[in-house]
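Enquirer: Here is my input, please return the structure:
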Amino acid sequence: MNKEDILLKTEAFIKNKMKDYDSGHDWWHIVRVRNLARMINSRENLEDPFLVEMAALLHDYSDSKFAGTTAADETETLRVFLMECTVNENSINRILNVMHYISFSSRNKSGKKEDVLLDIIQDADRLDAIGAIGIARAFNYGGFRNNRIYSPDENENKRSTIRHFDDKLLLLKSLMNTVTARQLAKTRHKYMEDFLSQFHKEWNLSDF
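Expert: Predicted coordinates:
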């Protein structure tokens, strides 16, 4: 199977897998991450472009928020699919490494295999979580989970979308791996800071 056919088959495979994900984690999230990963790689010439596209397409395959199955089951299913696509064993292992360690919650886990492929896809995924699109995705997911937008009561605010900015989104700029991602993250991070400043002004009626 040639590379173009493998990519087309993988697109169909992941579209079907993600059909029930929320609109912040859907096919268009995959497209944005794929495009960002392509751009990072084209600017820095770090990795095989085909492998970058494959890893970008599959990076959210076992997202624990939506998967509903065990990590072992997801790994085996994806491995079988990639073998059927005639992807070589080393590339399969690297794609699975991306899938296992891309998430923010995995950042301190032991066992991570350092790999520039993971660096690229992780940066692309993190860039899509910040800036204007990141803000839209955060509130979309908050609504999907019926979380509060914000509460001045600290206990109520722990699961709010605004709290999510402090807990995760504002930390991502400092966690970028590549030069290109660090440059892009600056503008997106600043946009979030400006948004939060305006949000709190309006909440506290101090915007006049």
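Enquirer: Going along the chain from the helix or strand of the chain with the lowest mean pLDDT, find the next helix or strand for me.
Expert: Lowest on mean pLDDT, DSSP states H and E among the helices and strands of the chain sits helix 71-84, with a mean of 87. Following helix 71-84 in sequence order, the next helix or strand is helix 89-101 (DSSP states H and E).
Enquirer: Let me know the angle separating that next one from helix 71-84.
Expert: For helix 89-101 and helix 71-84, the angle between their directions (axes from the mean of the first three to the mean of the last three CA atoms, to 10 degrees) works out to 150 degrees.
Enquirer: all helices of the chain, in order?
Expert: For the chain, the helices defined by DSSP state H cover 3-17, 27-44, 49-58, 71-84, 89-101, 116-127, 131-144, 154-157, 161-167, 179-203.
Enquirer: Deepest-packed of these, please.
Expert: helix 116-127 (a mean of 25; mean count of other CB atoms under 10 Å). For every residue, glycine as well, the C-beta is placed using N, CA and C.
Enquirer: Run through who's touching that helix.
Expert: Contact partners of helix 116-127, identified using CB atoms under 8 Å, 6 or more residues apart in numbering, comprise 32-34, 36-37, 40-41, 46-47, 51-52, 55-56, 59-60, 94-95, 97-98, 101-102, 104, 112, 172, 175-178, 180-181, 184-185, 188.
Enquirer: any idea how the protein splits into domains?
Expert: 1-104, 129-208 (automatic domain parsing).
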